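>>> Got a predicted model here, sequence first, then my questions.
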Amino acid sequence: MAAHAIFRLRTAEELRDEAGRLGLEIPYEEKTSILLEMAPVAGRSVPNRLAVLPMEGADAEADGAPSEWTLRRYRRYAAGGSGLIWCEATAVRRDGRSNPGQLMLTEKTLGGFGKLADEVRAVAKKEWGPAHRPLLVLQLTHSGRFSKPEGTPSPMIVQHNPHLDPLHGLPPDYPLVSDGELEEVRDDFVAAAELAAAAGFDGVDVKACHGYLVAETLAAFNRTESRYGGPFENRTRLLLETIRLIREEAPALLVTSRLSASDTVPFPYGFGMDPEAPERIDLAETKALVSLLARAGVGFLSVSLGIPYWKPHFGRPFDEPVPGGKLPEEHPLEGVARHLRIASELQRSSPGTALVGAGYSWLRAFGPGVGAAMVASGRTAVVGLGRGALAYPDFAKDLAARGRLDPRKVCTTCSLCSHLLRQGRRTGCAVRDAEVYGIS
Ligand SMILES: Cc1cc2nc3c(=O)[nH]c(=O)nc-3n(C[C@H](O)[C@H](O)[C@H](O)COP(=O)(O)O)c2cc1C
């Protein structure tokens, strides 16, 4: 591990030199046109290989419907031209909301979600023409141990975890969610997926990342006497059952998942870790799961990493931590390289699954060059931006017009968006969209 450092790269040569100095493999292509080509994703044709990754805005109405602020964010993404718009975490029921401003899809809010899907399509069409139809995926979630439906923690936990329980001061006798309750949540995912189809989304994501409820079942090594804990077959059951039921009930809908390829929490409390060396990432089970998902009809997957409330740098390499947060003991480029290595390994082991990669925002204007090299070498199918899209929603447009991004518009990885979200405030880019989201 190298010491943490902030971004100072001015040229692609400096990026190459820095990667060489740190002993990292960061592929780079000057020409980024491959990212703007039409691409097959799960049998559909998407207008380009650029994705807006799910980014919670904490700006929903009290009942969970998209507000005018939510619509503003998505109109900006739609006008920006990305081929895949992966809409943010949307609770399938009230007790699974991560904050009182999280989107929630119910019969009551269905109309609002229909409006969101319609507006995205209309804005994309107006800006880019009738042939440009972005793939619209809605991420469905239950926040599990990170639920805060009324603004204070109200955890639903699958197993006790000595690394995560202290985050909320959970006592050893804090009750575990029962199998029956997990099955109710599963059925709520299915009901929400049917509503997403009715609202006009192309697909739904059964969120299985970042330590939320479904992700926690993947790591439930210590949950005993349960259909959802212990052996691999049990730990993957909730995710696979949910996907199978959604496919049965809403056959026209694409079904996908956002997976933390590894939780980075030591074995046996985290998924994707090495039993022989508990702190080391090991993708053996992740690869097995990706191939089971492919067999279950999942043609594309979004790959993420880690648990943001525990060690956020794994998922989102940054220059600055959230105010009061710690700097990690690694260089952010090491974090970027980890994302690239994991996406490459999973794409190699499941070549038929279109993988959507993450972790590019720290690279600023060099992100597309690295993404283009990843796509050109078959190491990922689609390149996603999370914080980068919040800061620069029209990044695809600038890439199409000029072949490069404007360094004055890129994300600065300052973590203020994470800070806003943690405070339950309306979330956006405090730097590039300061009139709306600036912190004084
Ligand atoms: C403010 C904020 C909100 C996020 N919301 C979500 C979300 O709703 N669902 C999700 O899967 N990931 C979410 N993420 C993670 C991002 O999608 C993405 O994986 C992460 O920021 C790393 O990609 P990047 O380097 O392009 O930002 C969020 C991240 C941030 C900073």
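Yep, it's here. These numbers come from a predicted model, not from an experiment.
>>> Quick check: next helix or strand after the worst-scoring helix or strand of the chain on mean pLDDT?
When the helices and strands of the chain are compared on mean pLDDT, DSSP states H and E, strand 39-41 comes out lowest with a mean of 93. Once the chain leaves strand 39-41, the next helix or strand it forms, by DSSP states H and E, is strand 44-46.
>>> what's the next secondary structure element after that next one?
Strand 44-46 is succeeded, C-terminally, by strand 50-52 (DSSP H and E).
>>> Contacts for the next helix or strand along the chain from that next one, please.
For strand 50-52, the succeeding helix or strand toward the C-terminus, using DSSP H and E, is helix 68-80. The contact list for helix 68-80 (Cβ atoms under 8 Å, 6 or more residues apart in numbering) reads 52, 57, 59-60, 66, 85, 87, 103, 115-116, 119-121, 123-124, 127, 134, 389-390, 393-397, 426, 428. No exception for glycine: its C-beta is placed from N, CA and C like everyone else's.
>>> what about 6 Å?
52, 57, 59, 85, 116, 119-120, 123-124, 127, 393-394, 396-397, 426 (Cβ atoms under 6 Å, 6 or more residues apart in numbering).
>>> Out of those, which is nearest to residue 383?
Taking Cβ to Cβ as the measure, residue 383 lies nearest residue 396 of these, at 10.1 Å.
>>> Correct me if wrong: that closest one contacts residue 50.
Yes - using Cβ atoms under 6 Å, residue 396 is in contact with residue 50, at 4.6 Å.
>>> Spell out, range by range, the strands that occur in this protein.
Remark: strands assigned in the chain by DSSP state E are 39-41, 44-46, 50-52, 84-91, 103-104, 135-141, 203-206, 254-260, 300-304, 354-357, 382-385.
>>> Pull the last one out as CSV, backbone CA atoms only.
Taking Å, rounded to 0.1, in the frame of the first residue of the first chain, the C-alpha atoms of strand 382-385 are listed here in CSV:
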residue,chain,number,x,y,z
VAL,A,382,-20.1,-0.6,-20.0
VAL,A,383,-18.3,2.2,-18.1
GLY,A,384,-20.3,3.8,-15.3
LEU,A,385,-19.9,7.0,-13.4
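>>> That strand pairs with which strands, and in what direction?
In the sheet containing strand 382-385, its partner strands are strand 50-52 (parallel), strand 354-357 (parallel), by DSSP bridges.
>>> ok, back up a step: between the strands of the chain, which gets nearest to the ligand?
Smallest distance to the ligand across the strands of the chain (Cβ to the nearest ligand atom): 3.4 Å, for strand 84-91.
>>> Could you list every helix and strand that that closest one packs against?
strand 50-52, strand 135-141 (3 or more Cβ pairs under 6 Å, 6 or more residues apart in numbering; DSSP states H and E).
>>> Run the chain-centre distance for it.
When distances are taken as Cα atoms, centre = their mean, to the nearest Å, strand 84-91 is centred 8 Å away from the chain's centroid.
>>> Likewise for stretch 36-50?
Computed by Cα atoms, centre = their mean, the chain-centroid distance of stretch 36-50 equals 19 Å.
>>> how about the helices of the stretch 301-440 of the chain, start to end?
Secondary structure of the stretch 301-440 of the chain (DSSP state H, counting those that start in this stretch): helices at 312-315, 332-349, 367-376, 387-391, 395-402, 416-422, 434-437.
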